[in-house]
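Peer 1: quick one, structure for this:
(2 chains)
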Protein chains: 2
Amino acid sequence: MAQLHLFTPRGFRGTGVYAGIKTQHVPDVALLVCHTEAPATAAAAFTTNKVCAAPVKVGREHVASGKLRAVVVNAGCANACTGRQGEKDARQMCRIAAKVLEAEAEQILPSSTGIIGHLLPMDKIENGIWDAGKYLGDSLEHSMLFADAILTTDLKRKSAATQVKIGRETVTVAGVCKGSGMIGPRMALAKPGSASRPKRGMHATMLGYITTDAAVPAPLLRQLLGACTETSFNAVTVDDHTSTNDTVALLASGGSNAAVRAGTAKARKFAKALQEVCQSLAYQIAADGEGATKVVVVKIKGAASEADARVMARAIANSPLVKCAMHGNDPNWGRIVSAAGLTPAAFDPDRATLTLQGTVVFRKGQPVPFDAVAVSELLKVPEVTAELSCRLGKGDATVWTCDLSKEYVTINADYHT
Amino acid sequence: MAQLHLFTPRGFRGTGVYAGIKTQHVPDVALLVCHTEAPATAAAAFTTNKVCAAPVKVGREHVASGKLRAVVVNAGCANACTGRQGEKDARQMCRIAAKVLEAEAEQILPSSTGIIGHLLPMDKIENGIWDAGKYLGDSLEHSMLFADAILTTDLKRKSAATQVKIGRETVTVAGVCKGSGMIGPRMALAKPGSASRPKRGMHATMLGYITTDAAVPAPLLRQLLGACTETSFNAVTVDDHTSTNDTVALLASGGSNAAVRAGTAKARKFAKALQEVCQSLAYQIAADGEGATKVVVVKIKGAASEADARVMARAIANSPLVKCAMHGNDPNWGRIVSAAGLTPAAFDPDRATLTLQGTVVFRKGQPVPFDAVAVSELLKVPEVTAELSCRLGKGDATVWTCDLSKEYVTINADYHT
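Peer 2: Below is the predicted model of the structure:
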């Protein structure tokens, strides 16, 4: 079977081109287009940071109709904290793409990522979008160019895809994303039919774009993306710093003739495929976190509620002490249990059990003797799991993070000047 | 004037001795004793971590009467996550000190700090307390021995003191503290007259002890310590990891005959002196944060409320991106403004102004051109200040933190095994 990619779902094509925004000679402008007769149905979730970038503001407006013809992205400049001119530029990006694609500007979602507090170089953006328009395609290579063009400090291209039978039709769900630092997404759906009030932002981090050829009404797409984001992109953290540009968009072309309706078995099947893709993408962000040498999977079981489980998992995943211990292969479980206790979530150490890589290290308020050298050896792998069982209820949550290394400091102590 | 110290306030003496709990040959057991006829009036605030150490549990009980005769501290072992035996040991520590001092065990506050999940070496503790009892004194040297005996990964001894005229009497307020890593105190007063339910803990971090020879009723001491903690110890963060052992205790001997009553000018004068000492101690913790090369002072002005100001200041102070930028002398103001926007606190970037070391870098949603090289030079000092003016209300807050260096990773990636 051919490798699945962003443009495998029928009705999509795109590409990435080098427009000269980034200093390195790598792609930095990308287009994703739905070329079916009607535009794709669409949903998107955006950062909840009160400091949000111009493209987020414009994107919220444009996706409110539930229809998107295209996505236009640039890397190298976040168009954040750029005031009125920034907003004009984000709208202009959409107008240029609309002209190139003979579409409506209001059906184009703009995204930017990169340095903050700088205006977009609109001449380069314009040339880049025209260039991209000339080279649209639906091959694996086109998908890779798109995926590359949205990266910033990422070391690796990020993509995921799956196929699922919906009735007699094979439906593909595929996605790409970017993100390495300033990763602590807390995204929420844009309100349908209403644009949020103008705000401006600073920086750029997590971007994700998902395509499918299922036919899904926009309200259902919104519902599915909202639920899915909670257990995928909103469950990954590198440094807990919620960015100003975080965006994830889901476009359904209907190209497969597989119709998905709310509340059906087909919807559940589709939701599962969507979750699989989103979770894979989120995981790849943790794995490529700035300075990361391993993924740390934090699982909370049996919290008083799912919300409590999330809060505790996030506190553990964000503790620099926990992240340093994992970097040093140090089974310093006290840091994990104490991080669970420091949040407002209900937690009783006397009921809790903690396992590190499957080894019980703490049970019911007391340490469990274990071979520290052996467990340290178990931590010397690309993925380690800490599982905390709370015995308070039915709330479960998983959060992915990475270790904290000196390389993270190197990357972030010398980024701007 | 002779240097003021912990035992300058009349009625106190103490010392620190080496009991062999720490591997290095440095003091690790400390006694602070009030030798006036009646015990000192006292108040204490403890960690709000749901995972709390045995001495915190016992301390909450003992301070509930508002009277303390002594404080007994050990470093090298946190007596945290040690179950029933840990609680027995914490009580036994008090009983030993009570025997040595011919006092009541219930009027002794125990504290422990150090490695977690290990039982106290009670033979060493016992010998140490007996030893300390033999060498009590009120000299500067005794105070320094006490201050040294409570340290763990700290590089520097921490103390502060001030004097204030209350009526015709000169009153001294003096304190020592420790803390370097696992610093994100969120302390609250122990409930008077009631002990909190049994919980057990993990690790040890921020300890502070304050003496005064003012005569202050326990309820007023509680009120003053509670207010003061919010703007001092609870306003310092190194890694936002609230410890299981955080404790600050305030003992008033009444040795000066200066009586302080609630709601009086004397109380306000005393409160100011107390705040000065507590803020100095908190600042010293930030300055000696693990791996720190500088203090970062985060000031929020004009937030919608003081609570909002605190939340924003803390988010900025805890952002690894902000801390790395400060380490690299990088005026990357976007990280600061975006950190302010990521909390639930009200914030509107279009109204805000950010200054870095007095240079305006962002105003009303837009960058302000500045000389990045010059501002970077301004950041190469032991204390840098970021001040964010929100123009939303009257909420102000200051939080002290330190930069994030590779040294922090070195210290914490290899602590346990």
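Peer 1: may I ask which helix or strand of chain A has the lowest mean pLDDT?
Peer 2: When each helix and strand of chain A is scored by mean pLDDT, DSSP states H and E, strand A:187-189 comes last, with a mean of 87.
Peer 1: average model confidence for the helix or strand hosting A:T229?
Peer 2: Following DSSP states H and E, the helix or strand that holds A:T229 is helix A:218-230. Mean per-residue pLDDT for helix A:218-230: 96.
Peer 1: can you name the next helix or strand after it?
Peer 2: strand A:247-252.
Peer 1: and that following strand with chain B, contact?
Peer 2: No. Under the criterion of C-beta under 8 Å from any C-beta of the partner chain, chain B is not reached by strand A:247-252; the shortest gap measures 14.8 Å. Every C-beta, even on glycine, is put in place using the N, C-alpha and C of the backbone.
Peer 1: what residues sit buried inside the helix or strand just after that strand?
Peer 2: Using DSSP H and E, the helix or strand that follows strand A:247-252 towards the C-terminus is helix A:265-287. Of all the residues in helix A:265-287, those buried under the rule 16 or more other C-beta atoms under 10 Å in any protein chain shown are A:266-267, A:269-271, A:273-287.
Peer 1: wait, isn't A:Q107 in contact with A:L68?
Peer 2: Yes. A:Q107 is in contact with A:L68 according to C-beta atoms under 8 Å; the separation is 5.5 Å.
Peer 1: out of those two, which sits in the busier spot?
Peer 2: It is A:L68, of A:Q107 and A:L68, that has more neighbours when counted by other C-beta atoms under 10 Å in any protein chain shown, with 28 against 21.
Peer 1: from A:P217, how far out is that one?
Peer 2: According to C-beta to C-beta, to the nearest Å, A:L68 and A:P217 sit 14 Å apart.
Peer 1: picking that back up, what's the angle between the helix or strand immediately after the least confident helix or strand of chain A in the chain and helix A:265-287?
Peer 2: Toward the C-terminus, strand A:187-189 is succeeded by strand A:207-212 as the next helix or strand (DSSP H and E). Interaxial angle, strand A:207-212 versus helix A:265-287 (axes from the mean of the first three to the mean of the last three C-alpha atoms, to 10 degrees): 150 degrees.
Peer 1: for A:L392, pull up the helix or strand it's in.
Peer 2: Under the assignment here (DSSP H and E), A:L392 is part of no helix and no strand.
Peer 1: could you find the closest non-adjacent residue to it?
Peer 2: A:A304 (4.6 Å; C-beta to C-beta, 6 or more residues apart in numbering or on different chains).
Peer 1: does A:P110 sit in a helix, a strand or a coil?
Peer 2: The local conformation at A:P110, judged by DSSP: H, G, I helix; E, B strand; the rest coil, is strand.
Peer 1: pLDDT score for it?
Peer 2: The model's pLDDT for A:P110 equals 98.
Peer 1: looks like it contacts A:V58 (just checking).
Peer 2: Yes. Using C-beta under 8 Å, A:P110 makes contact with A:V58 at a distance of 5.6 Å.
Peer 1: give me the distance between the residue lying farthest from the centre of chain A and chain B.
Peer 2: Distance from the C-alpha centroid of chain A peaks at A:P369, with 39.1 Å (C-alpha atoms, centre = their mean). According to C-beta to the nearest C-beta, to the nearest Å, A:P369 stands 10 Å off from chain B.
Peer 1: which residues touch the nearest residue to A:G66 once chain neighbours are set aside?
Peer 2: Leaving aside its chain neighbours, A:G66 sits nearest to A:A218 (2.8 Å; criterion: C-beta to C-beta, 6+ apart). Listed by C-beta atoms under 8 Å, 6 or more residues apart in numbering or on different chains, the contact set of A:A218 reads A:T41, A:A42, A:A43, A:G66, A:K67, A:P192.
Peer 1: filter those residues down to just the buried residues.
Peer 2: A:T41, A:A42, A:A43, A:G66, A:K67.
Peer 1: any chance of those in CSV, with pLDDT and secondary structure too?
Peer 2: Shown next, in CSV, are the buried ones among the contacts of A:A218 (pLDDT from 0 to 100; DSSP: H, G, I helix; E, B strand; the rest coil):
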residue, pLDDT, secondary structure
A:T41, 98, strand
A:A42, 98, strand
A:A43, 97, strand
A:G66, 97, coil
A:K67, 98, strand
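Peer 1: closest one to B:Y408 out of those residues, please.
Peer 2: A:A43 (40.6 Å; C-beta to C-beta).
Peer 1: is that closest one in contact with A:L250, as I believe?
Peer 2: Yes. Taking C-beta under 8 Å as the definition, A:A43 is a contact partner of A:L250 at 5.1 Å.
Peer 1: if I look at the residue lying closest to A:A215 once chain neighbours are set aside, how far off is A:I210?
Peer 2: Nearest non-adjacent residue to A:A215, counting by C-beta to C-beta, 6+ apart: A:G254, 3.5 Å away. Distance of A:G254 to A:I210, computed by C-beta to C-beta: 15 Å.
Peer 1: pretty sure A:I21 contacts A:K124?
Peer 2: Yes. Between A:I21 and A:K124 there is a contact under C-beta under 8 Å: 5.4 Å.
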